[in-house]
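S.K.: Predicted model and sequence below, questions to follow.
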Amino acid sequence: MDLTYEVLDVNSSLPQFGTSDTNLTNIQDSKFYITKPAKGMRYTAGKSSISIVKVGNQEANLNSDTGAYCTCVGQNCLKAIVPDWEEKRIPIQGVKFSSASESMKPIGIIDLTFLFPHPSQCIRLKVEFVIMENYTSNHFILRNDYLSVYGIDISKQKDRYFTIADNKRQKFGVFNNKRQITVVKNEEKSPEMYFFITEQLKDVEFNHELTVKMKKN
């Protein structure tokens, strides 16, 4: 047995950290997982990682955003999902938040329980959100803090999905934008129908004029 080869083979599968004295002679170009955008338009290739979750009996959009400033939700979005949110609000004072474009106005914190639907087993997460008065998007934002706490890994490859904790075989589908999410929100709410749409029909775009019955047929 070549012991030297065995050691090198094991090391190649471990996370690697480059240093200033790293040998730079063995270089391989990385390939594109999607169709390469035209020059000058590659900034358009970015995609959101939006999931459909349940808060009580209500469905909500959840964006897993590793670059977000905090785990938060806008006041209007929260009001639509949790009508009695003001009774559950925890006061917050003396804290400043800002996004890339403006200062955010925190008005409190709320503890919510999210359910990620899946045919094999649904996963429940308890999350503390900062409520922003002037945040206008209609989705909840899950930041790196909770992505790390719950071990959520997002696959950015051609088939986009995320896994939770150590179960890497249970994959949850993600959407590129909210327009696609609308398709699922109007469908049957059973886990089987959700899985069928997110996995089998993930690349299909429905005509928004179709009724629920027409889509099911």
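M.R.: Okay, I see it.
S.K.: quick one: Gly108 from Glu102, how far?
M.R.: The gap separating Gly108 from Glu102 is 19 Å, by Cβ to Cβ, to the nearest Å. For the C-beta atoms, the positions are set from N, CA and C on the backbone; glycine is no exception.
S.K.: Tell me which of those two has more neighbours.
M.R.: The neighbour count for Gly108 versus Glu102, taken as other Cβ atoms under 10 Å, is higher for Gly108 (19 against 9).
S.K.: give me phi/psi at the closest residue to the more buried one other than its chain neighbours?
M.R.: Using Cβ to Cβ, 6 or more residues apart in numbering and skipping the chain neighbours, the partner closest in space to Gly108 is Arg89 (3.9 Å). Here is the backbone geometry of Arg89 (degrees, to the nearest 10): phi -70, psi 140.
S.K.: show me what contacts Arg89?
M.R.: Ile107, Gly108, Ile109, Ile110, Ile131 (Cβ atoms under 8 Å, 6 or more residues apart in numbering).
S.K.: Next: Met132.
M.R.: Met132 sits next to Cys72, Val73, Gly74, Gln75, Phe97, Met104, Lys105, Pro106, Ile107 when contact means Cβ under 8 Å, 6+ apart.
S.K.: quick one: the strands in this protein?
M.R.: Here the chain has its strands, by DSSP state E, at 50-55, 58-64, 72-74, 97-98, 103-104, 106-116, 123-132, 140-142, 152-155, 161-164, 167-173.
S.K.: ok, the fifth one: who's next to it in the sheet?
M.R.: Using DSSP bridges, strand 103-104 pairs in its sheet with strand 97-98 (antiparallel).
S.K.: Give me the mean pLDDT for the partner strand.
M.R.: For strand 97-98, the mean per-residue pLDDT is 74.
S.K.: Same question for stretch 80-94.
M.R.: 90.
S.K.: cool, and stretch 109-121?
M.R.: 88.
S.K.: Please consider this matter closed, and thank you.
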